[in-house]
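Visitor: this one's sequence-less:
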DNA sequence: ACCTGAACACCGTTCAAGT
DNA sequence: ACCTGAACACCGTTCAAGT
């Protein structure tokens, strides 16, 4: 701890490799150039090392991907401090949505993991949602329902939204030319729909996530109230 | 059409290759052994041909995947014949959900396509939802909202549901051993949640899709009613 | 016209060998 | 202890050559 031999790191910033540094570099790579370009060989090169060295810090590529997903999930605010469960759930959902949008590759890794079940990485996240609802007086069944409804909306809407975003390399007239190819006799309402999109800003699209979120929160509120009335 | 030379197809069922036969075989392969095992080489072998021959019927692998997604989408009932928009939308949503569950690999291809935007394959589907809502008196804006809410729930919930399904090769005591590994002091509510799952049947899980669906339909109903009252 | 062998540029991963 | 060269078993895809 205290007697690290300090070699003068003049010509190379020879920061020693570590699992954390590998994961951080992998996350940066996925953020900047996409998940497809994150190969073991390219990641090695980015760290100034051959690909094989990475296996000293990571079990295999699956473990690498699991690790960077964990980093993304750690950005979510799991302990907002509002008075009521509804505001807390809303805050956590919005925080999760924002984190997932910051790392557009993450949602598909969570929902369609290359191999293992995703639940293990997300246990802390799931536990805190369940805990908040139970502590607000939800029955175990109602809390399970609530978690399902909220989580499927958070992840499901986000991946849907990302899948419908314009491709990064889209030319400015992308939507325009796409619409011109549509036969107005066959797809009249699709053209109208595109028109609605052109008028609305990004702010409006952000509203869509919260629109659905509030629908779910409304439904949960009614659902638990009816549960309480039964008792 | 009428003068096809009929070679006696005795020792080999030498059905000539065609795009349709290639796509059908690819879909069957994805259904039975998963998307990962669907390689050009394996598909060729299944059809009794070398992989390179497939490029006579399919532009590249992307085109192949687009093709089998189209087959899945064609299974959806886009023209139910109830009286009201709500029943029609509900029927189409349920039909879509069922088709996507029959082909568990399809939803991720729709939501995270390897390259191209997914909208092109789904135009007919989107158009028919928009058309049904507009014909029920929805404004263009309300119809857009409705389509977004419905489609994101259909695809988003389904991919969430599939991502949380037990792996195919799971041993019978999979959930049991997973729960035993959980520290009850750290994840008490997660354990309780697992307990709720053990008691409920598959039917109950099917109910979750319709629970969220009805929430959205309720919200849309209120939303358009308020729109009408304004006019 | 349709199919194939050989080849190319990639993957993830292993393992013995280096320092 | 950490890193590497060489190798293995795969990918998608091309292209000239076969029939």
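Guide: Structure received. This is a predicted model, so every value here is computed, not measured.
Visitor: quickly note the distance from residue A:92 to DNA strand C.
Guide: The gap separating residue A:92 from DNA strand C is 33 Å, by Cβ to the nearest atom of the strand, to the nearest Å. In this view, the C-beta of every residue, glycine as well, is placed from N, C-alpha and C.
Visitor: name the next helix or strand downstream of the helix or strand that residue falls within, please.
Guide: Using DSSP states H and E, residue A:92 maps to helix A:85-102. Downstream of helix A:85-102, the first helix or strand assigned by DSSP H and E is helix A:106-111.
Visitor: do any residues in that following helix lie close to DNA strand C?
Guide: No: taking Cβ under 7 Å from any atom of the strand as the criterion, helix A:106-111 and DNA strand C are apart, separated by no less than 13.7 Å.
Visitor: wait, does that helix contact chain B?
Guide: Yes: applying Cβ under 8 Å from any Cβ of the partner chain, one finds helix A:106-111 touching chain B at A:108, A:110-111.
Visitor: just say helix, strand or coil for residue A:169.
Guide: Under DSSP: H, G, I helix; E, B strand; the rest coil, the three-state class of residue A:169 is coil.
Visitor: cool, and residue A:137?
Guide: What three-state DSSP gives for residue A:137 is coil.
Visitor: what's near enough to touch it?
Guide: Residue A:137 makes contacts with A:224, A:228, as judged by Cβ atoms under 8 Å, 6 or more residues apart in numbering or on different chains.
Visitor: next, give phi and psi for it.
Guide: Note on residue A:137: its backbone torsions stand at phi 100, psi 0 [degrees, to the nearest 10].
Visitor: and the pLDDT for the residue in chain A that chain B sits nearest to?
Guide: Closest to chain B within chain A is residue A:156: 2.1 Å, counting by Cβ to the nearest Cβ. Listed pLDDT for residue A:156 reads 98.
Visitor: now name the helix or strand holding the residue nearest to it when sequence neighbours are not counted.
Guide: The shortest distance from residue A:156 to any non-neighbouring residue, by Cβ to Cβ, 6 or more residues apart in numbering or on different chains, is to residue B:156 (2.1 Å). Assigned by DSSP H and E, residue B:156 falls within helix B:140-163.
Visitor: ok so, going back, for the residue of chain A closest to chain B, give me its contacts.
Guide: A:111, B:152-153, B:155-157, B:159-160.
Visitor: of all pairs in those residues, which one spans the longest distance?
Guide: Farthest apart among these by Cβ to Cβ are A:111 and B:153. That separation is 14.5 Å.
Visitor: any idea how far residue A:63 lies from DNA strand D?
Guide: 16 Å.
Visitor: and for that residue, the neighbour number?
Guide: By other Cβ atoms under 10 Å in any protein chain shown, 14 other residues sit near residue A:63.
Visitor: can you tell me the element residue A:77 falls in?
Guide: For residue A:77, there is no helix or strand it lies in under DSSP H and E.
Visitor: list the contacts of it.
Guide: Per Cβ under 8 Å, 6+ apart, neighbours of residue A:77: A:91-92, A:95.
Visitor: so which of those residues comes closest to residue B:176?
Guide: Using Cβ to Cβ, the contacts of residue A:77 come closest to residue B:176 at residue A:92, 29.7 Å.
Visitor: ramachandran angles for the residue lying closest to residue A:31 once chain neighbours are set aside?
Guide: Residue nearest to residue A:31 in three dimensions, not counting chain neighbours: residue A:103, with 6.0 Å by Cβ to Cβ, 6+ apart. With angles defined as degrees, to the nearest 10, residue A:103 sits at phi -130, psi 80.
Visitor: again, but for residue A:121
Guide: Main-chain dihedrals, residue A:121, degrees, to the nearest 10: phi -70, psi -20.
Visitor: list the contacts of it.
Guide: A:66, A:69-70, A:73, A:110.
Visitor: ditto for residue A:111
Guide: A:118, A:155-156, A:159, B:108, B:159-160, B:163.
Visitor: got the buried residues for the host helix or strand of residue A:134?
Guide: Residue A:134 belongs to helix A:123-135 when elements are defined using DSSP H and E. Across helix A:123-135, burial judged by 16 or more other Cβ atoms under 10 Å in any protein chain shown covers A:125-134.
Visitor: contacts with DNA strand D among those, please.
Guide: Within those, nothing lies near DNA strand D by Cβ under 7 Å from any atom of the strand.
Visitor: those also near chain B: which ones?
Guide: The overlap between those and the neighbours of chain B (Cβ under 8 Å from any Cβ) comes to A:126-127, A:130-131, A:134.
Visitor: now for chain A, the helix or strand with the poorest mean pLDDT.
Guide: Lowest on mean pLDDT, DSSP states H and E among the helices and strands of chain A sits helix A:174-181, with a mean of 81.
Visitor: what does it rub up against?
Guide: When contacts are defined by Cβ under 8 Å, 6+ apart, helix A:174-181 is touched by residues A:166-167, A:171, A:191, A:194, A:197-198, B:119.
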